[in-house]
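S.K.: sequence unknown, structure follows:
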């Protein structure tokens with residue numbers, strides 16, 4: 001009986017190794033496209049809780065992502081299942097996604113700070129003009145246009 005229990009436990013442990021690698025699906029999404037797709041999906045899932053231009057929250061943007069890459073959810077699911085069965089490859093893809101997202105974040109932060117600096121410069125210029133106008137004690141009266149101003153001279 002003791003030998004039988006050892007045998008069953010060893011069979012159980014050997015069968016639980018989970019080295020399952022699925023067959024490559026016929027319509028597998030290429031690795032580089034899958035990396036871009038995963039990045040857009042991360043952005044879309046994060047944007048779900050942010051108000052859009054129409055002041056709406058909880059908008060599901062995944063349909064837009066599928067349309068952008070011209071795929072359906074089943075094709076994505078099959079490709080994702082295949083890539084997740086290859087852990088090393090999937091980790092590389094996720095690392096690439098994180099790197100791409102960081103580059104996008106840096107780019108948009110630079111653009112935002114550039115716009116802010118342009119706004120600050122504009123506000124300073126307007127402030128200087130207002131101070132100049134305030135310092136003028138006498139402002140000339142605005143003259144009404146006359147007929148002569150509108151005549152075309154040959």
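M.R.: Structure received. In this text the structure is predicted, and so the values were computed from the model without any measurement.

S.K.: ok, residue 84 - contacts?
M.R.: With contact taken as CB atoms under 8 Å, 6 or more residues apart in numbering, residue 84 is in contact with residue 90. For glycine as for every other residue, the C-beta is placed from the backbone atoms N, C-alpha and C.

S.K.: give me the element it is part of.
M.R.: Assigned by DSSP states H and E, residue 84 belongs to helix 73-85.

S.K.: buried residues, that helix. List them.
M.R.: 75-76, 78-80, 82-83, 85 (16 or more other CB atoms under 10 Å).

S.K.: how about low-confidence regions in this structure?
M.R.: 1-21, 52-58, 116-154 (pLDDT under 70).

S.K.: let's go with 50 and repeat that
M.R.: Within the chain, not a single segment meets pLDDT under 50.

S.K.: could I get the full set of helices for it?
M.R.: In the chain, the helices defined using DSSP state H lie at 2-15, 31-47, 62-69, 73-85, 87-135, 147-150.

S.K.: got the angle for the fourth one vs helix 62-69?
M.R.: What it means is helix 73-85. Orientation check (axes from the mean of the first three to the mean of the last three CA atoms, to 10 degrees): helix 73-85 against helix 62-69 gives 80 degrees.
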